[in-house]
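S.K.: Just a sequence and a predicted model for now, questions to come.
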Amino acid sequence: MQAQDEASVFLLKLWPRIEANKNRIIAVAVLIVIAVGIGWIFAVQRQQKEADAGEKLTQLTLNPGAKPEAYLKIATDYSGTKAGERALLQAAAELFDSGHFVEAQAQFQKFLGENPNSELAANAALGVASSLDAQNKIDLAAAAYQQVLRNYTDATPVNAAKMALAKIDEAQGRYNNALASYQDIAQQSMVSFMRQEAMLRLMDLKNKIPTPTTAPLSASPAPPAATLPSSK
């Protein structure tokens, strides 16, 4: 009962202040309602934009003759959506597959610049390295593959970068480095084409490396036979 009385007294003291500032309170309340409404509208629009982008990307993916430009259009029209990210990455991949390695590299780099924290960033970084590799810029490609190993943990792009580096090491005669990389991939528990390739390359490289040979020990010459003194 005492608590109720105290609450009533508090309201009686507060009410004059409310009356004096009711216009301001109403204005603040209206602003809050408007802000919530705008936020809700933006959320609905974003969901609709994401759904539209996903639908268009799905339809385009089902079209085997789709050009990179079509993917780039989706990426531009629906920037900021997950489907837009995937469309940009797919455009870069299509450019790479069609042999336009410089253009592919530019799009992979654009993806990384716009989406550095994307779950697909490792794939884009691998795409940059692969594009450099395809342009025969071996040193730059090796450095880019190393960045994939340092910056990401996604198993598939990391193993692909490790495999590519192993091939570079093998081609340049760094056989021990190549063997270590092939061995690491081959020993993983995953079942994949990459693991099978690593096992084959590992066996092939082991057969290529000359085995150190040691010269056979020469037999010690037999000591001269003792001769008995002749008796005269």
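M.R.: It's in. Numbering: from 1, shown residues only.
S.K.: where do the helices sit along this structure?
M.R.: When assigned using DSSP state H, the helices of the chain occupy the ranges 2-20, 22-61, 68-77, 82-97, 101-114, 121-134, 138-151, 155-171, 175-186, 193-208.
S.K.: In TSV, list those helices along with mean pLDDT.
M.R.: TSV is the format used below for the helices of the chain (pLDDT from 0 to 100):
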stretch	mean pLDDT
helix 2-20	59
helix 22-61	57
helix 68-77	88
helix 82-97	92
helix 101-114	96
helix 121-134	97
helix 138-151	97
helix 155-171	94
helix 175-186	92
helix 193-208	88
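S.K.: Same list, those helices, but as JSON lines with mean neighbour count please.
M.R.: C-beta here means a position set from N, CA and C on the backbone, and glycine is covered the same way. Formatted as JSON lines, the helices of the chain follow (neighbours: other C-beta atoms under 10 Å):
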{"stretch": "helix 2-20", "mean neighbour count": "9"}
{"stretch": "helix 22-61", "mean neighbour count": "12"}
{"stretch": "helix 68-77", "mean neighbour count": "18"}
{"stretch": "helix 82-97", "mean neighbour count": "22"}
{"stretch": "helix 101-114", "mean neighbour count": "19"}
{"stretch": "helix 121-134", "mean neighbour count": "23"}
{"stretch": "helix 138-151", "mean neighbour count": "17"}
{"stretch": "helix 155-171", "mean neighbour count": "19"}
{"stretch": "helix 175-186", "mean neighbour count": "18"}
{"stretch": "helix 193-208", "mean neighbour count": "14"}
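S.K.: Nearest residue to Gln105 in space, please, no chain neighbours.
M.R.: In space, Gln105 comes closest to Ser131 once its chain neighbours are excluded; the distance is 3.6 Å by C-beta to C-beta, 6 or more residues apart in numbering.
S.K.: correction: Lys162
M.R.: Ser181 (5.2 Å).
S.K.: The one you found: what's it in contact with?
M.R.: Residues counted as contacts of Ser181 (C-beta atoms under 8 Å, 6 or more residues apart in numbering) are Lys162, Met163, Leu165, Ala166, Asp169, Ala198.
S.K.: Can you pick out the most distant pair from those?
M.R.: Using C-beta to C-beta, these span at most 13.1 Å, a distance reached by Asp169 and Ala198.
S.K.: circling back: please report how far the residue nearest to Lys162 lies from Leu149.
M.R.: 10 Å (C-beta to C-beta, to the nearest Å).
S.K.: Between those two, which contacts overlap?
M.R.: Joint contacts of Ser181 and Leu149 (C-beta under 8 Å, 6+ apart) are Lys162, Leu165.
S.K.: Quick check: closest non-adjacent residue to Arg201.
M.R.: Tyr182 (5.2 Å).
S.K.: In contact with that neighbour, which residues?
M.R.: Met163, Ala166, Ala198, Met199, Arg201, Leu202, Leu205.
S.K.: and if you look at Asp169?
M.R.: Here Asp169 is in contact with Tyr175, Asn177, Ala178, Ser181 (criterion: C-beta under 8 Å, 6+ apart).
S.K.: let's see it at 6 Å
M.R.: By C-beta atoms under 6 Å, 6 or more residues apart in numbering, Asp169 lies in contact with Asn177, Ala178.
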